[in-house]
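# What shape does this take:
(chains A, B, C and D)
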2 protein chains.
Amino acid sequence: MTEIQQDVPEVVVARLPQYLRTLTQLIDQGMQVISSQQLGEQLQVTPAQIRKDLSYFGRFGKQGRGYSIAHLVDRLRHILALDHDWTVAVVGIGRLGRAIINYPGFGPEGFRVTCAFDADPALVGQKAGGLTIHPLSQIRDVLEQKQVKIAIVAVPAANAQEVIDQLVMSGIKAILNYAPFAAQTPADVQVRSIDPVLALQSMTYYVQAPG
Amino acid sequence: MTEIQQDVPEVVVARLPQYLRTLTQLIDQGMQVISSQQLGEQLQVTPAQIRKDLSYFGRFGKQGRGYSIAHLVDRLRHILALDHDWTVAVVGIGRLGRAIINYPGFGPEGFRVTCAFDADPALVGQKAGGLTIHPLSQIRDVLEQKQVKIAIVAVPAANAQEVIDQLVMSGIKAILNYAPFAAQTPADVQVRSIDPVLALQSMTYYVQAPG
DNA sequence: GTATGTGAAGCACTTCACAGCT
DNA sequence: AGCTGTGAAGTGCTTCACATAC
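Numbering: from 1, shown residues only, chains lettered A, B, ... in the order given. Alright, predicted model coming up:
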């Protein structure tokens, strides 16, 4: 397993998956070598930033030539711990939760949704996208037993903190939060929020003309 | 209309909607006044940061007391141009596009989805969530005529840049992009991407233990 | 010649700490 | 006494520019 560098800025880690995605696409197009300049053009990032970002993890390029795309993809997948699959739990099997379970974009990237939970007794025991829906009371048992580390939260905002607290107690270390609220977690638990309303609201400032 | 301050950092603008959301919730709970300390606890932000952020736009607090929540909400809504509704177009009426049209979270925040577009001739003319689906060829006519400034892109990644180019040519100034790729736009067009896979991939780095 | 890797410089955001208002 | 508003200090990320390697 890759050693975690103590002093890698979070923004750097956040850019690596973007590099990885673009590089993967370029491989599919038959490209074999790329310079930081070329990659930067694709992603609207300066070449210096790409080189600096990668330098936190090692020396992956060849001076005078650039980077072997296949090699760099391998290294990035390893750094990001994407060289094996991850099992994922989904909590909240309403409209949104079902869409998440059926979303075809997670599987190819190695994220396998394998557990589903909901608070509604009418849903418990039913199936959603091939998964049996468990009651919230079983979160801890199931997640500890399956050693699940990643959860997706798709419950109403009013119940979300309560659910997240349970997930944290069950050993979850990464949460993808779809509930529109500010989640509170211990420092060793990662949270990323999917929040389209906040995204829209941070753009209107720059538009400022009704339409 | 609020003057746009030239030198407001983007990160500050991105935090204002979070403040606004929390303040709105607190009003509903009957709270009337709040200190930067209290608001910071809700949002995991330092009090100094909140005061500094707000100071870019004016002096909204009362020394010794704090901020009138109702007043601050009004001011934030005005600063963010959220004191009127916005019409929104959706491009790509597949599974995801339909979910977006039917998502109940946009309307209450003043975002009205009023136009739908898709490239598939089989869909054109049909209805989705009460909206008639138009062909891509009509993007420019419809958006210019209705003066739409905000669009949501929910097409496959392979077609997304092409669609975004058309939107930009049609006068769109803010794009909420659900396609998993790095969109390219002119500097005066805002883009925010909703990308759950990137979010997951930037968390696995910190977990680093399979599950 | 060409592109990387990297200390150093530059820039931008955050936090401090206190004057000033209530 | 309490809390805001804000210059100044501090911190961290980005960009520069060049030695180094191919």
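
# Can you list the low-confidence ranges for chain A?
A:1-6, A:209-211 (pLDDT under 70).

# Can you name the residues of it sitting close to DNA strand D?
Chain A comes close to DNA strand D at residues A:9-12, A:45-46, A:48-49, A:51-52, A:62-65, as judged by Cβ under 7 Å from any atom of the strand. No exception for glycine: its C-beta is placed from N, CA and C like everyone else's.

# Could you work out the most separated pair of the residues you listed?
Farthest-apart pair in these is A:Glu10 and A:Gly64; separation 32.1 Å (Cβ to Cβ).

# Compare these two (neighbour count), which wins?
Neighbours were counted for A:Glu10 and for A:Gly64 using other Cβ atoms under 10 Å in any protein chain shown; A:Glu10 has more, 11 against 5.

# quick one, strands of chain A?
Remark: strands assigned in chain A by DSSP state E are A:33-34, A:61-62, A:66-68, A:86-91, A:111-118, A:127-128, A:131-135, A:150-153, A:174-177, A:190-193.

# Packed most tightly, which of those strands would that be?
Neighbour counts (mean count of other Cβ atoms under 10 Å in any protein chain shown) averaged over each of the strands of chain A peak at strand A:150-153, with a mean of 26.

# tell me the centre residue of chain A?
A:Leu176 (6.9 Å; Cα atoms, centre = their mean).

# how much space between it and chain B?
6 Å (Cβ to the nearest Cβ, to the nearest Å).

# in the sheet, who's paired with the closest residue to that residue other than its chain neighbours?
Nearest non-adjacent residue to A:Leu176, counting by Cβ to Cβ, 6 or more residues apart in numbering or on different chains: A:Ile152, 4.6 Å away. For A:Ile152, the beta-bridge partners are A:Val90, A:Leu176 (DSSP bridges).

# Residues of chain A that sit close to DNA strand C?
A:35-37, A:47-48, A:51-52, A:54-55, A:59-67.

# A:Met169 against A:Glu144, yeah?
No: contact criterion Cβ atoms under 8 Å: A:Met169 and A:Glu144 do not qualify, at 9.6 Å.

# show me what contacts A:Val191?
A:164, A:174-175, A:177, A:183, A:185 (Cβ atoms under 8 Å, 6 or more residues apart in numbering or on different chains).

# next one: A:Cys115
By Cβ under 8 Å, 6+ apart, the neighbours of A:Cys115 are A:87-90, A:131, A:134, A:142-143, A:146, A:148.

# Let's have those in CSV, adding distance to A:Gly110.
What follows is the contacts of A:Cys115, written out as CSV (distance: Cβ to Cβ, whole Å):
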residue, distance to A:Gly110
A:Thr87, 10
A:Val88, 10
A:Ala89, 15
A:Val90, 16
A:Leu131, 18
A:His134, 23
A:Val142, 21
A:Leu143, 19
A:Lys146, 16
A:Val148, 14
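
# now, which of those residues sits nearest B:Thr24?
A:Val90 (27.8 Å).

# Quick check, the residue in chain A closest to DNA strand D?
As assessed by Cβ to the nearest atom of the strand, DNA strand D sits closest to A:Gly64 within chain A, at 2.7 Å.

# could you pull out the helices for chain A?
Using DSSP state H, the helices found in chain A span residues A:10-28, A:36-43, A:47-55, A:69-79, A:95-102, A:139-146, A:157-169, A:196-207.

# Flag every buried residue along the first one.
In this case it means helix A:10-28. A:12-23, A:25-26 (16 or more other Cβ atoms under 10 Å in any protein chain shown).

# Pull the contacting residues for the closest residue to A:Ser36 other than its chain neighbours.
For A:Ser36, ignoring the flanking residues on the chain, the nearest one in space by Cβ to Cβ, 6+ apart is A:Pro47 at 3.8 Å. In this structure, A:Pro47 makes contact with A:35-37, A:39-40, judged by Cβ under 8 Å, 6+ apart.
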